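[1] the sequence and its predicted three-dimensional model are supplied below.
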Amino acid sequence: MTDFRTSLRVARLADVDGITDLHTAARTAYYQAGGVTDAELTSPEALADRRASWARAVGSDDRTVLCAERDGEIVGILSMGPPYDADVDPAMAGQLYQIHVRPGLWGHGIGGRLHAAFVRFLREEALSVGVLEAWDRNSRAQGFYARHGWRPDGRDRPGPGGGRYVRMRLAVGALERP
């Protein structure tokens with residue numbers, strides 16, 4: 001589904017509270033579905049940590065944060081930049097740190113627009129590989145990324161609730177150009 005009412009723009013520091021609220025709502029939905037308790041997700045300390053992390057990301061020189069906006073409201077976010085892991089060559093790969101869409105708007109094409117922006121970022125930076133981590137209990141995210149050509153690469157690390165973060169790769173050269 002194509003969403004013509006949603007526009008993408010670079011995030012500003014003034015967006016950090018809205019970004020944090022959206023991120024909190026999205027992560028609460030998928031982590032609760034995977035068995036993580038509400039107390040672990042919505043504590044004031046966790047919220048303050050998320051806000052500080054987003055402020056750093058928006059103000060960072062090596063990250064890009066985009067907001068998907070509809071009718072003046074932030075309805076999705078994308079964070080991307082260089083890879084975290086030392087075994088991933090930053091001359092070849094970029095990392096999709098996070099895509100979040102406001103619950104209730106899932107399946108409306110917003111995540112697809114944000115994903116397409118990440119692929120454009122890779123191409124503009126002449127990078128041939130994308131990497132990301134997805135929580136193994138988030139079947140919605142796993143399915144979304146698989147539909148967009150991502151595949152697990154065999155690496156994982158501990159995640160919340162006894163789950164794992166699975167690293168996935170996307171070979172950009174294999175994708176059709178728009």
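    Nice, I can see it.
[2] pLDDT weak spots in this protein?
    Low-confidence segments of the chain, defined by pLDDT under 70: 1-4, 32-41, 174-178.
[3] now do the strands in it.
    Per DSSP state E, the chain carries strands over the ranges 7-10, 64-70, 73-81, 93-101, 129-135, 151-158, 164-171.
[4] would you format those as a markdown table with distance to residue 17 included?
    From N, CA and C alone the C-beta is placed, and that goes for glycine too. Shown next, in a markdown table, are these (distance: least, C-beta to C-beta, whole Å):
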| stretch | distance to residue 17 |
| --- | --- |
| strand 7-10 | 16 |
| strand 64-70 | 12 |
| strand 73-81 | 10 |
| strand 93-101 | 15 |
| strand 129-135 | 24 |
| strand 151-158 | 29 |
| strand 164-171 | 26 |
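[5] could I get those strands as CSV with mean neighbour count and distance to residue 22?
    Below are the strands of the chain laid out as CSV (neighbours: other C-beta atoms under 10 Å; distance: least, C-beta to C-beta, whole Å):
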stretch, mean neighbour count, distance to residue 22
strand 7-10, 12, 14
strand 64-70, 21, 9
strand 73-81, 22, 6
strand 93-101, 24, 6
strand 129-135, 22, 17
strand 151-158, 12, 25
strand 164-171, 19, 21
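[6] ok, which of these comes nearest residue 30?
    strand 129-135 (7.1 Å; C-beta to C-beta).
[7] any idea how far stretch 95-115 is from the chain center?
    Stretch 95-115 sits 7 Å away from the centroid of its parent chain (C-alpha atoms, centre = their mean, to the nearest Å).
[8] cool, stretch 14-26 as well?
    Taking the mean of its C-alpha atoms, stretch 14-26 sits 13 Å from the chain's own mean (C-alpha atoms, centre = their mean).
[9] got a list of contacts for that stretch?
    Applying C-beta atoms under 8 Å, 6 or more residues apart in numbering, the contact partners of stretch 14-26 are 11, 41-42, 47, 50-51, 54-55, 58, 65, 67, 73-77, 98, 100-103.
[10] go again with 6 Å.
    Identification of contacts with stretch 14-26 by C-beta atoms under 6 Å, 6 or more residues apart in numbering yields 50-51, 54-55, 58, 67, 74, 77, 100, 102-103.
[11] repeat for stretch 74-92
    With contacts defined as C-beta under 6 Å, 6+ apart, stretch 74-92 is touched by 18-19, 22, 57, 62-68, 93, 95-102, 105, 110, 114, 117-118, 121, 128-129, 131.
[12] how long is that stretch end to end?
    Its start and end residues considered, stretch 74-92 measures 31 Å (C-alpha to C-alpha, to the nearest Å).
[13] alpha carbons of the lengthiest helix in the chain, as PDB, please.
    The longest helix of the chain (DSSP state H) is helix 16-33. This file holds the C-alpha atoms of helix 16-33, laid out as PDB (Å, rounded to 0.1, in the frame of the first residue of the first chain):
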ATOM      1  CA  VAL A  16      13.000  14.400  20.400                       C
ATOM      2  CA  ASP A  17      10.000  14.300  22.800                       C
ATOM      3  CA  GLY A  18       7.600  13.200  19.900                       C
ATOM      4  CA  ILE A  19      10.200  10.600  18.700                       C
ATOM      5  CA  THR A  20      10.600   9.300  22.200                       C
ATOM      6  CA  ASP A  21       6.900   8.900  22.700                       C
ATOM      7  CA  LEU A  22       6.400   7.100  19.400                       C
ATOM      8  CA  HIS A  23       9.400   4.800  20.100                       C
ATOM      9  CA  THR A  24       8.000   4.000  23.600                       C
ATOM     10  CA  ALA A  25       4.600   3.200  22.200                       C
ATOM     11  CA  ALA A  26       6.000   1.000  19.400                       C
ATOM     12  CA  ARG A  27       8.500  -0.900  21.600                       C
ATOM     13  CA  THR A  28       6.000  -1.400  24.300                       C
ATOM     14  CA  ALA A  29       3.600  -3.100  21.800                       C
ATOM     15  CA  TYR A  30       6.200  -5.600  20.500                       C
ATOM     16  CA  TYR A  31       8.000  -6.200  23.700                       C
ATOM     17  CA  GLN A  32       4.800  -6.800  25.700                       C
ATOM     18  CA  ALA A  33       3.700  -9.200  23.000                       C
END
